[in-house]
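Asks: coordinates for the following, if possible.
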Amino acid sequence: MQFKPQSEAERHTVTGEPERIHVAVAAILDDQHRVLISKRPAGVHQGGLWEFPGGKLEADEDVQTALERELHEELGIKPATQRPLIRITHDYPDKSVLLDVWYVTGFGGEPVGREGQPLRWVPVDRLPDYAFPKANLPIIAALTLPDRYLITPEPGKDVAGFLVGLEHSLASGVSLVQFRARQLTGHDYRAMLPAVIQCCHGYGAQVLLNAEPGLAEESGAAGVHLNSERLMALSDRPLSSDYLVAASCHNDEQLLHAQRLGVDFVVVSPVRPTASHPGAQTLDFSGLRALTEQAAIPVYALGGMQTQHLARSFQHGAQGIAAIRGLWKGESVIGVG
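Replies: Got it, this is the predicted structure:
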């Protein structure tokens, strides 16, 4: 007798596990940087909550085909410009979902609730004011984060030159910065902080500190970035939800621990060979994909990243790229090892 592999539905029926439902989801943005959300009807699973448009994949249907079909059926629009945003697996008590979320920035037609569902265009920074299913919360996190994350090089002795380089980097469009200066003493790091934060705030950018978490609260920074050692030493999230908490991860153990702590996003590395860690074993983009598929939070790719790697990073499940040399616009980059 020839063995016939079990389908996903059959496997879950036999094991008693809830069936995992694959859902294509659209984060649709207009030219005012507002996101389209719809309200679930009462009486259904997670009824009465707001959500991002989309629906279940049909048999033998790929994600993009399902997305196009669902947006036509629900809203009467046709997506024209889209890219992957994030993939989320979430287990509810009665079912499990895999949300395949796409970032849609161009579409044909005018959205209307063709199934009678209320629609609302909401500024990205107001999304936390609305009640969403838990599985949708990482989508909000991904939408509020940029696709580039600058890690500063060592300032060296030329602090003025460092600040000029930082300003040029911010002027290029960087809006999320990790201030990392491992060669500075604690006193000198604190002394530089006001100038770094003021410079970033002048461009509307957020600053995370690669330092003790409490320093973010004292200084007015947006949050903290945990290196992998500091991450693994923690048993609880070190700051409240008023602050961003990020972490560096190099393997699945660190990634899972970061998620248990409730960090907002992670950086995985090294994806490609990098001058700061010559000879280090790299993840490559296949390794990046393996880690992003385990993550229910945004992931940045670090290691040899340049802006030309953004599209490839998106295709492998990343929020975007993190980089020192690839994003720094100063005259030189020193001491990044």
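Asks: need the longest helix for the protein.
Replies: Using DSSP state H, we find that the single longest helix of the chain is helix 186-202.
Asks: can you show me the CA trace of that one as CSV?
Replies: Only the C-alpha atoms of helix 186-202 are listed here, as CSV (Å, rounded to 0.1, in the frame of the first residue of the first chain):
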residue,chain,number,x,y,z
GLY,A,186,30.2,55.3,31.1
HIS,A,187,30.9,58.9,32.0
ASP,A,188,31.8,59.9,28.4
TYR,A,189,28.8,58.0,27.0
ARG,A,190,26.5,59.9,29.3
ALA,A,191,28.2,63.2,28.5
MET,A,192,27.6,62.7,24.7
LEU,A,193,24.0,61.6,25.1
PRO,A,194,22.3,65.1,25.2
ALA,A,195,23.9,66.1,21.9
VAL,A,196,23.0,62.8,20.2
ILE,A,197,19.4,62.9,21.4
GLN,A,198,19.0,66.5,20.5
CYS,A,199,20.4,65.9,17.0
CYS,A,200,18.1,62.9,16.4
HIS,A,201,15.0,64.7,17.8
GLY,A,202,15.7,67.6,15.4
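Asks: how far does it sit from the chain's center?
Replies: 26 Å (C-alpha atoms, centre = their mean, to the nearest Å).
Asks: distance between the helix or strand just after that helix and the chain's centre?
Replies: Counting by DSSP states H and E, the element after helix 186-202 in chain order, helix or strand, is strand 206-209. Counting by C-alpha atoms, centre = their mean, strand 206-209 is centred 16 Å from the centre of its parent chain.
Asks: residues in contact with strand 206-209?
Replies: Here strand 206-209 makes contact (C-beta atoms under 8 Å, 6 or more residues apart in numbering) with 175-179, 193, 196-197, 200-201, 215-216, 219, 221-225, 244, 246. All C-beta atoms are positioned from the backbone trio N, CA, C, and that covers glycine.
Asks: just the buried ones from these, in ChimeraX syntax?
Replies: A single ChimeraX command selects the buried members of these (16 or more other C-beta atoms under 10 Å):
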select :175,176,177,178,179,193,196,197,200,215,216,219,221,222,223,224,225,244,246
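Asks: just give me the neighbour total for T307.
Replies: 15 (other C-beta atoms under 10 Å).
Asks: and G173, how far is that from T152?
Replies: For G173, the distance to T152 equals 16 Å [C-beta to C-beta, to the nearest Å].
Asks: got the buried residues for stretch 67-85?
Replies: Of the residues in stretch 67-85, 67-68, 70-71, 74-75, 77, 79, 82, 84-85 count as buried by neighbour count, 16+ other C-beta under 10 Å.
Asks: can you check stretch 116-133 too?
Replies: By neighbour count with 16+ other C-beta under 10 Å, stretch 116-133 contains the buried residues 117, 127, 132-133.
Asks: same deal with stretch 151-165?
Replies: By 16+ other C-beta under 10 Å, the buried positions in stretch 151-165 come out as 151-155, 162-163, 165.
Asks: with stretch 242-253 instead?
Replies: Neighbour-count burial for stretch 242-253 flags 243-250 (criterion: 16+ other C-beta under 10 Å).
Asks: average model confidence for it?
Replies: In this model, stretch 242-253 carries a mean pLDDT of 97.
Asks: hang on, the earlier thing: tell me the mean pLDDT for the longest helix of the chain?
Replies: 97.
Asks: who touches it?
Replies: 152, 155, 159, 163, 166-167, 170, 177, 179, 181, 184, 206-207, 209, 211, 215, 219-221.
Asks: so of the buried residues of stretch 242-253, which ones are in helices?
Replies: The helices, defined by DSSP H, take in nothing from the buried residues of stretch 242-253.
Asks: with distance to L36 as added columns, please give those in JSON lines.
Replies: Listed next are the buried residues of stretch 242-253 as JSON lines, based on distance: C-beta to C-beta, whole Å:
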{"residue": "Y243", "distance to L36": "29"}
{"residue": "L244", "distance to L36": "25"}
{"residue": "V245", "distance to L36": "29"}
{"residue": "A246", "distance to L36": "28"}
{"residue": "A247", "distance to L36": "31"}
{"residue": "S248", "distance to L36": "34"}
{"residue": "C249", "distance to L36": "32"}
{"residue": "H250", "distance to L36": "37"}
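Asks: among the residues you listed, which one sits closest to E229?
Replies: Nearest to E229 among the buried residues of stretch 242-253 is S248, at 9.1 Å by C-beta to C-beta.
Asks: doesn't E229 make contact with the closest one?
Replies: No. Here S248 lies out of contact with E229, judged by C-beta atoms under 8 Å, at a distance of 9.1 Å.
Asks: for the buried residues of stretch 242-253, which one is nearest G113?
Replies: For those, the closest approach to G113 (C-beta to C-beta) belongs to L244, at 34.0 Å.
Asks: dihedrals phi and psi, the closest residue to that closest one other than its chain neighbours?
Replies: The shortest distance from L244 to any non-neighbouring residue, by C-beta to C-beta, 6 or more residues apart in numbering, is to G223 (3.2 Å). Backbone dihedrals for G223, given as degrees, to the nearest 10, come out at phi 170, psi -160.
Asks: lovely, talk soon.
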